[in-house]
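Novice: sequence and predicted structure are below.
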Amino acid sequence: MPDFAFESLHWSAGRRVVAGVDEAGRGPLAGPVVAGAVVLPEDFQHAWLNDSKKLSAPRREALYEELTGNGRIRFASGMASVEEIDRLNILRATHLAMGRAVAALGEPRPEMVLIDGLPVRDFAWPQQAVVKGDALSLSIAAASIIAKVERDRMMLALDAAFPLYLFAAHKGYGTAAHLAALQQYGPSPHHRRSFQPVAQLSLDFSGGAST
C-alpha cells in the first residue's frame, strides 16, 4: 500500500507543501488526457487509498467523494484535449495536463511535486519522478483517483452524445468493440487522429457519427 515515505523526505527537509500528480488516459484512442494534483495533510491516513487501477469503479467514486469533500485536502485537475494530443503528441500533452493541474492548486505553490513515472521536461515546479508512484505515494495515489474519476465522467458524457462508440464501456481504450465501431461508423470528433490504431483504419476524418 502507498504511504508517506517520499513525502516525509521532503517534509523533513522543510518543504511543507508537497503535491502528488498522476494522469489518466494516455493510452486510449479517444477522449482527453486528464491529470490530478493533490496536497494531503501530513496526518492523513486511509485504510484503502491505493493506485486507482487497483480499485473498482464504485470504490474509486467513493474515494473521490471522500477526497474532494475533505476541506483539509487541496486538489485540482487539468486536461489536454484531443486536438492538443494530436498537435503536440501524447507525452507533451500529458505534461501539459499535469502542469495545468498543479497550477490549478493555486497558493501556496507546491514546494515539491511528486510525479508518477518519469521526469517532466521544463516543469515549472521542483519535481521528483517516482516510477510506479501511484502504488508507493499516498499523494500520487490520491491524484490518480482524481484523474481517473474525472476522466471516466467525461467519457460517460461523451457516451451520451456519441452512443454508437460505447464509450461508457471502454472509456476510449482500443477494445474489440471499440475498433469494430470505428470500422463501421468512422471516427467521432473525439478520436485521436494521430494514434495508429485509428489512423491505420484509413477512415475519412472529416466527420463522424453522433447518434
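Specialist: Looks like it arrived, so ask away.
Novice: tell me the contacts of the closest residue to Met1 other than its chain neighbours?
Specialist: Take Met1 and drop its neighbours on the chain: the residue closest to it by Cβ to Cβ, 6 or more residues apart in numbering is Asn50, 6.1 Å away. Just so you know, the C-beta spots here come from the backbone N, C-alpha and C atoms, and that holds for glycine as well. If you count contacts by Cβ atoms under 8 Å, 6 or more residues apart in numbering, Asn50 has them with Met1, Pro2, Ala135, Ala141.
Novice: quick one: mean pLDDT for the helix ranked longest in the chain?
Specialist: Looking across the chain with DSSP state H, the single longest helix is helix 138-161. For helix 138-161, the mean pLDDT works out to 98.
Novice: what does the domain assignment say about the chain?
Specialist: Domain segmentation of the chain under automatic domain parsing yields 5-159, 161-199.
Novice: and those domains, which one averages the lowest pLDDT?
Specialist: Ranked by mean pLDDT, these bottom out at domain 161-199, with a mean of 93.
Novice: now do that one: distance to the chain's middle.
Specialist: 19 Å (Cα atoms, centre = their mean, to the nearest Å).
Novice: now the helices for the chain?
Specialist: 5-12, 57-68, 82-88, 90-104, 138-161, 167-170, 176-185, 196-199.
Novice: nearest to Gly27, of these?
Specialist: Nearest of these to Gly27, taken as Cβ to Cβ: helix 90-104 at 8.4 Å.
Novice: now do the buried residues in the closest one.
Specialist: For helix 90-104, a neighbour-count test (16 or more other Cβ atoms under 10 Å) marks Ile90, Arg92, Ala93, Thr94, His95, Leu96, Ala97, Met98, Gly99, Arg100, Ala101, Val102 as buried.
Novice: got it, and stretch 137-153?
Specialist: Across stretch 137-153, burial judged by 16+ other Cβ under 10 Å covers 137-152.
Novice: deepest in the core, which of the domains of the chain is it.
Specialist: When the domains of the chain are scored by mean count of other Cβ atoms under 10 Å, the highest mean neighbour count falls to domain 5-159 (a mean of 19).
Novice: for that domain, measure first residue to last.
Specialist: In domain 5-159, first residue to last residue: 40 Å (Cα to Cα, to the nearest Å).
Novice: repeat for stretch 81-100
Specialist: 12 Å.
Novice: with stretch 176-193 instead?
Specialist: 18 Å.
Novice: now do stretch 12-22
Specialist: Terminal residues of stretch 12-22 lie 23 Å apart, using Cα to Cα.
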